[in-house]
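>>> what's the 3D shape of this:
(2 chains)
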2 protein chains.
Amino acid sequence: MLFESPSVDRLVEAFRRLPGVGKRTAERYALHVLSAPAEEARLISDAVRNARECITTCSQCCTLTETNPCGVCANPARDHSIICVVERPSGMMAIERGGAYRGLYHVLNGALNPLEGIGPDELTVERLVRRIEAGDVNEIIVATNATAEGEATALYLSKRLAPLGVSVSRIAHGVPMGGGLELADGLTLSHALQGRTRLG
Amino acid sequence: MLFESPSVDRLVEAFRRLPGVGKRTAERYALHVLSAPAEEARLISDAVRNARECITTCSQCCTLTETNPCGVCANPARDHSIICVVERPSGMMAIERGGAYRGLYHVLNGALNPLEGIGPDELTVERLVRRIEAGDVNEIIVATNATAEGEATALYLSKRLAPLGVSVSRIAHGVPMGGGLELADGLTLSHALQGRTRLG
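I've put the predicted structure just below:
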């Protein structure tokens, strides 16, 4: 308990809701906000409120965006025949940061997880199906995470999308670039061996 | 750049002002706020604003507090003859967490740092002097950090407070409880040896 003050306790609890933030970190953030000039606290408070109010979901790819459709969907220079399927907007951003991909995206808003009650209806699978049915798309790259849930989702998508006549592929899993073999775990290495490609 | 949205960029910048938060972490926090229900964003926004508005500085010990004087200064069960001097409210909280100290505190709001232009006038040294001159206090424990700035501040305080007729001491530096010798660095070990106390 910081200062025996209910409003500070609420602040610490609010920061604890951020991903990966525990009690100590939340207290450190709270102390920073309380020690800083009042404008700084107002700046953070306003930024949170305004950003949340400005942001909606793209009606096409379901990513978070300020404009609808989002910058990627609205960009005529992108290849509208390829859709890369990711679990979250953060995945889309990670691929955008790489800079090599020029197609579109589709954000599922999660992965299949029967234990937590997340089935296909909780994801944006049917919106993806409608995008494919509307034409133009001929390739789907499934870039869900390399977790049990992400793999199950990839498998489900490959079955669900097969009748639509699009090619469905999965991104490669293997040794990260710049990483030595000794740093990769066994599962990653077995995937890297299975997914080997011919040289020359 | 997240979503090419100015309001999201402002949110990421706002989170980056928190201590120890870099670009990646700030983006993760921003994504959480944007993906979460709107009430959650409002909750964080309001908590920051309200807490900052509720908190002031204790007119006696200069810590952050909702009531003035703070809970420690106002508590008649505490020993008002001892003052523990810390750099920041976080130091006071760390000692309170220990639970062994029953005296009062004084928060300096930093440590001497000539390179950053922080001299005695930027700290609350003169308020500490006035508290001592007002009587009752007979011991000062200097618990500034074990950094070059903290040590310089401790030295300065011992000289500044000497004419006031109070006993000034410095907390012990040594091997942390529960820690093996092999985990302590050389400087800590040499302090631990110098600060040895007689057994029995």
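>>> what are the ranges of the helices in chain A?
A:6-16, A:23-35, A:38-54, A:89-98, A:125-133, A:148-161, A:186-194 (DSSP state H).
>>> Check whether the longest one comes into contact with chain B.
Yes. If you take Cβ under 8 Å from any Cβ of the partner chain as the test, helix A:38-54 does meet chain B, through A:38, A:40-54. Any C-beta I mention is one placed from the backbone N, CA and C, and that applies to glycine too.
>>> Lowest mean pLDDT across the helices of chain A, which one is that?
Among these, helix A:186-194 carries the lowest mean pLDDT, at a mean of 81.
>>> Any buried residues in it, and which?
Neighbour counts over helix A:186-194 (16 or more other Cβ atoms under 10 Å in any protein chain shown) mark A:T188, A:H191, A:A192 as buried.
>>> And for stretch A:80-98?
Neighbour-count burial for stretch A:80-98 [16+ other Cβ under 10 Å]: A:82-93, A:95-96.
>>> And those, which two are furthest apart?
Farthest-apart pair in those is A:I82 and A:S90; separation 20.2 Å (Cβ to Cβ).
>>> give me every residue that touches A:C54.
Contacts for A:C54 were tallied using Cβ atoms under 8 Å, 6 or more residues apart in numbering or on different chains; they are A:E66, B:S5, B:S7, B:V8.
>>> From chain A, how far off is the third one?
With distances defined as Cβ to the nearest Cβ, to the nearest Å, the gap from B:S7 to chain A amounts to 4 Å.
>>> What count of nearby residues applies to A:A36?
Applying other Cβ atoms under 10 Å in any protein chain shown, we find 15 residues neighbouring A:A36.
>>> What's the per-residue pLDDT of it here?
For A:A36, pLDDT reads 84.
>>> Look up how far B:E182 lies from it.
Note on A:A36: its distance to B:E182, by Cβ to Cβ, to the nearest Å, is 39 Å.
>>> cool, and A:G98?
43 Å.
>>> ok, now which ones touch the residue positioned nearest the centre of chain A?
Centroid-nearest residue in chain A, with Cα atoms, centre = their mean: A:R88, separated by 2.1 Å. Residues near A:R88 by Cβ under 8 Å, 6+ apart: A:V107, A:N109, A:G110, B:L31, B:S35.
>>> isn't the first one right up against A:M92?
Yes. Contact status for A:V107 versus A:M92: in contact at 6.2 Å, counting by Cβ atoms under 8 Å.
>>> Now the common contact residues for the two.
A:C61, A:T63, A:V86.
>>> so how far is chain B from the closest residue to A:S169 other than its chain neighbours?
The shortest distance from A:S169 to any non-neighbouring residue, by Cβ to Cβ, 6 or more residues apart in numbering or on different chains, is to A:I141 (5.4 Å). Counting by Cβ to the nearest Cβ, the gap from A:I141 to chain B is 21 Å.
>>> okay, now A:I141: neighbour count?
Counted with other Cβ under 10 Å, A:I141 comes out at 19.
>>> Hmm, it is touching A:C84, no?
Yes. Counting by Cβ under 8 Å, A:C84 is a contact partner of A:I141 at 4.5 Å.
>>> any common contacting residues for these two?
A:G103.
>>> I'd say A:T153 and A:T144 touch.
Yes. If you go by Cβ under 8 Å, A:T153 and A:T144 touch, sitting 4.7 Å apart.
>>> got any residues that touch both of those two?
A:E87, A:L108, A:A111.
>>> ok, the first one - contacts?
Contact criterion Cβ under 8 Å, 6+ apart gives A:V107, A:L108, A:N109, A:G110, A:A111, A:T144, A:N145, A:G150, A:T153 as the residues in contact with A:E87.
>>> What subset of those residues is buried?
A:V107, A:L108, A:N109, A:G110, A:A111, A:T144, A:G150, A:T153.
>>> thinking the fourth one is in contact with A:L123, fair?
Yes. At 5.8 Å, A:G110 counts as touching A:L123 under the criterion of Cβ under 8 Å.
>>> re the thing from before, most neighbours of all the residues of helix A:38-54 next to chain B, which one?
Going by other Cβ under 10 Å, A:V48 tops the residues of helix A:38-54 next to chain B with 29 neighbours.
>>> That one and B:V48 touch, don't they?
Yes. Between A:V48 and B:V48 there is a contact at 7.2 Å, judged by Cβ under 8 Å.
>>> Report all helices and strands that the longest strand seen in chain A contacts.
Counting residues, the longest strand found in chain A (DSSP state E) is strand A:79-86. Contacts defined by 3 or more Cβ pairs under 8 Å, 6 or more residues apart in numbering or on different chains; DSSP states H and E place strand A:79-86 against helix A:89-98, strand A:103-107, helix A:125-133, strand A:139-142.
>>> Which of the buried residues of stretch A:80-98 sits closest to chain B?
For these, the minimum distance to chain B (Cβ to the nearest Cβ) is 5.4 Å, reached by A:S90.
>>> could you list every residue that touches the closest one?
B:E27, B:R28, B:L31.
>>> Just the residues contacting stretch A:139-147, thanks.
A:81-87, A:91, A:95, A:103, A:108, A:111, A:128, A:132, A:150-151, A:153-154, A:157-158, A:161, A:166-171, A:173, A:191.
>>> Please repeat the previous calculation with a cut-off of 7 Å.
Here stretch A:139-147 makes contact (Cβ atoms under 7 Å, 6 or more residues apart in numbering or on different chains) with A:81-87, A:91, A:95, A:111, A:150, A:153-154, A:157, A:161, A:166-171, A:173.
>>> got it, and stretch A:176-196?
Here stretch A:176-196 makes contact (Cβ under 7 Å, 6+ apart) with A:A172, A:H173, A:G174, A:V175.
>>> what does the domain assignment say about chain A?
Split into domains by automatic domain parsing, chain A comes to A:2-54, A:75-194.
>>> that older thread, now distance to A:R17 too, for the buried residues of helix A:186-194, in TSV please.
Converted to TSV, these look like this (distance: Cβ to Cβ, whole Å):
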residue	distance to A:R17
A:T188	32
A:H191	35
A:A192	37
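>>> Among those, which one sits closest to chain B?
So of the buried residues of helix A:186-194, ranked by how close each gets to chain B (Cβ to the nearest Cβ), first place is A:T188, at 21.9 Å.
>>> any idea how far that closest one is from A:E182?
According to Cβ to Cβ, A:T188 stands 12 Å off from A:E182.
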